[in-house]
Each structure stands twice: as structure tokens, then as C-alpha cells.
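Undergrad: fold the following and give me the result.
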Amino acid sequence: MSDITDSSTTIGTSWTENTIPAFTNGPLSSLETCVSEVQSKLRRGTLTTSTAPTLAQVQNWLERKKMEIAEAFGFSYARKYAYVTLVAAQYRYSLPPDYAGGYISLVDTTHNRSIVIIDKARYDQILPDPSDESSGEVTTACIKNMELWLAPPPSGTDTLQLEYQRSGAETTNDDYSWLPGIMRYRCCDGAVAEAFESVHMWAESDRYAGKFEMGLQKAKRADNRKRWQGKRHTALNVFQNDNAQNYQSSS
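TA: Numbers count the residues shown, from 1 in each chain. I've put the predicted structure just below:
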């Protein structure tokens, strides 16, 4: 059987997150207050490195529940905006580490243009070797796994804005500022279920796991109603789309 040689290099791209509103009201305003909420439900005193479960375990379970919530929902506050400065002639860029797929949009903020995103099969058909293209203003993009491929390769240090669905796996695991208070309570319910399971208290674990799942179902129904309220629009024809693409003058 033939072998494959793993790549010895990686693509490292530095993205800058756009400022976002922070949901800091309410009693659960940080990771520390979420841990305190879990402690109050467990009734085992202050969690430390020597308790069962440990403080680190509970923090990890809170992080996991945050990611599960982000995975289940496409609500507006799970969207994220990030900026990247391009490198001349470089057409491959790694996506942000918390990129979770789904709908995305890409804007060239240097030239005030939206960039058309096509599927990878179409991209490979049209551009089997992007490096063979002359550098210029980026007009087309494609997502390949965790990479962003551009065409033509940029001719300068333009800035792109990427809107994407976040996974909830933050660069710092104590970032709960983008989750509304009710979702933080649900993170705590899920972490309590994991904590009781870790000490083999199955009935209590099942009770809180059910509470977590029921909360997600209620939120999912509410989220679907919000989605339908924003569907009152018509598709653009080819002329309207072209006008929209070139509405603002290039800077």
C-alpha cells in the first residue's frame, strides 16, 4: 500500500475580531459566576483541584455546553465578524479557529466590494491553479476545509471582512459575553449534568441533562419564529444584483 507524506508546514493567518455588543447584564456575567452557579447546584462546597469534580472539569464542561449551543443555533448573536489584511500574491488563508461553517459573507472593505463565494468544485473547475492568475482586486472566493482561497491573488495589502457562524470555541474559554443570560443558565444546567455523571449520580445527571435539552428545544422554537419574521423579501434579478455589487464607488 502506498503512503502519503504529511505536510510539514501550516498556514497561519491573523484575524482581528470586530467589536460586538456584550451581554453583561444579569447574575451570570462571566465564567466565574457560571462556576458559582454550578457549585450551588452540586452543593459540594468550593470547587478546587482536589474536589470531585474539579474546578477545571466544570470549566471544561461549561465550555463544551457553550459550543453545543452554538452548534445548534444560527441566531444573530452566534454570528461573528473578523478582518484580515491580505498579503500580495498569496491566495490561501486559514479561517478563524472558531469558524463553524454554514452561511458566510466576504467583503473587500478596501475597494467597497462584496466578493462572490462559489463552491469548491466550481472553483477548481475554473481555477485549477490560482497562482497562474495575474494579481489584482479579489473578486471570487472559495472555502476549502478550514481555508479561504481567493482569486485572483491579491495585488496588495487589502482588507477583507468575513462574517461567519462561530463554533463557541473561543481563543479564551472564559468568553461568555456574546451569549444572552438565559443561554448561560443553560450552559450551567448542562455542566451540572456532566458533573453529577462524573460522580455516578445518575438520577441527578439525567434530571439536569433533560432540563438542558428541554431548554434547547424551547429556544429552537423561538429561534425559528425569529427566522421566519425576516423572510419578507424577494430575490434580486441579474440587473439588481449587478447594481448592488457596484453601488458604492471603489476607494
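Undergrad: would you map the strands across the protein?
TA: Applying DSSP state E to the chain gives strands spanning 16-17, 79-85, 92-94, 105-108, 113-114, 116-117, 140-144, 147-151, 159-165.
Undergrad: how about a markdown table for those strands, with mean pLDDT added?
TA: Formatted as a markdown table, these follow (pLDDT from 0 to 100):
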| stretch | mean pLDDT |
| --- | --- |
| strand 16-17 | 83 |
| strand 79-85 | 89 |
| strand 92-94 | 93 |
| strand 105-108 | 94 |
| strand 113-114 | 91 |
| strand 116-117 | 93 |
| strand 140-144 | 93 |
| strand 147-151 | 94 |
| strand 159-165 | 92 |
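Undergrad: identify the residues contacting R225.
TA: Residues in contact with R225 (CB atoms under 8 Å, 6 or more residues apart in numbering): none are found. Yep, even glycine has a C-beta here, placed from its N, CA and C like the rest.
Undergrad: hmm, L162 and V84 touching each other?
TA: Yes. Applying CB atoms under 8 Å as the test, V84 and L162 come out as touching, 7.1 Å apart.
Undergrad: more neighbours, the two?
TA: Using other CB atoms under 10 Å as the criterion, V84 and L162 rank with L162 on top: 22 against 19.
Undergrad: who's in contact with that one?
TA: L162 touches 15, 81-84, 95-96, 104-106, 148, counting by CB under 8 Å, 6+ apart.
Undergrad: among those residues, which one has the most neighbours?
TA: Most crowded among these, counting by other CB under 10 Å, is L148 at 24 neighbours.
Undergrad: low-confidence ranges, the stretch 151-251 of the chain, go.
TA: Across the stretch 151-251 of the chain, the ranges flagged by pLDDT under 70 are 170-173, 226-251.
Undergrad: would you list every one of the helices in it?
TA: Applying DSSP state H, counting those that start in this stretch to the stretch 151-251 of the chain gives helices spanning 181-198, 202-229, 238-245.
Undergrad: kindly check the end-to-end length of stretch 39-47 for me.
TA: End-to-end distance for stretch 39-47: 7 Å, by CA to CA, to the nearest Å.
Undergrad: show me what counts as buried in it.
TA: 39, 41-42, 47 (16 or more other CB atoms under 10 Å).
Undergrad: quick one: which of these sit in helices?
TA: Among these, the residues falling in helices (DSSP state H) are 39, 41-42.
Undergrad: just send these back as JSON lines, with pLDDT and distance to E213 too.
TA: As requested, those are exported to JSON lines (pLDDT from 0 to 100; distance: CB to CB, whole Å):
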{"residue": "Q39", "pLDDT": "94", "distance to E213": "22"}
{"residue": "K41", "pLDDT": "94", "distance to E213": "17"}
{"residue": "L42", "pLDDT": "94", "distance to E213": "20"}
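Undergrad: can you list those residues in TSV and add distance to R221?
TA: Below are those laid out as TSV (distance: CB to CB, whole Å):
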residue	distance to R221
Q39	31
K41	25
L42	30
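Undergrad: what lies in contact with stretch 90-99?
TA: 10-13, 15, 80, 82, 84, 86, 130-131, 143, 146-154, 162, 164-171.
Undergrad: what are the C-alpha coordinates of it, in PDB please?
TA: What follows is stretch 90-99, C-alpha atoms only, in PDB (Å, rounded to 0.1, in the frame of the first residue of the first chain):
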ATOM      1  CA  GLN A  90      -1.000  35.000  -1.500                       C
ATOM      2  CA  TYR A  91      -4.300  33.300  -2.300                       C
ATOM      3  CA  ARG A  92      -4.600  30.800   0.500                       C
ATOM      4  CA  TYR A  93      -5.600  31.900   4.100                       C
ATOM      5  CA  SER A  94      -6.600  29.900   7.100                       C
ATOM      6  CA  LEU A  95     -10.000  30.600   8.500                       C
ATOM      7  CA  PRO A  96     -10.600  31.800  12.100                       C
ATOM      8  CA  PRO A  97     -10.100  28.900  14.600                       C
ATOM      9  CA  ASP A  98     -13.800  29.200  15.700                       C
ATOM     10  CA  TYR A  99     -15.200  29.000  12.200                       C
END
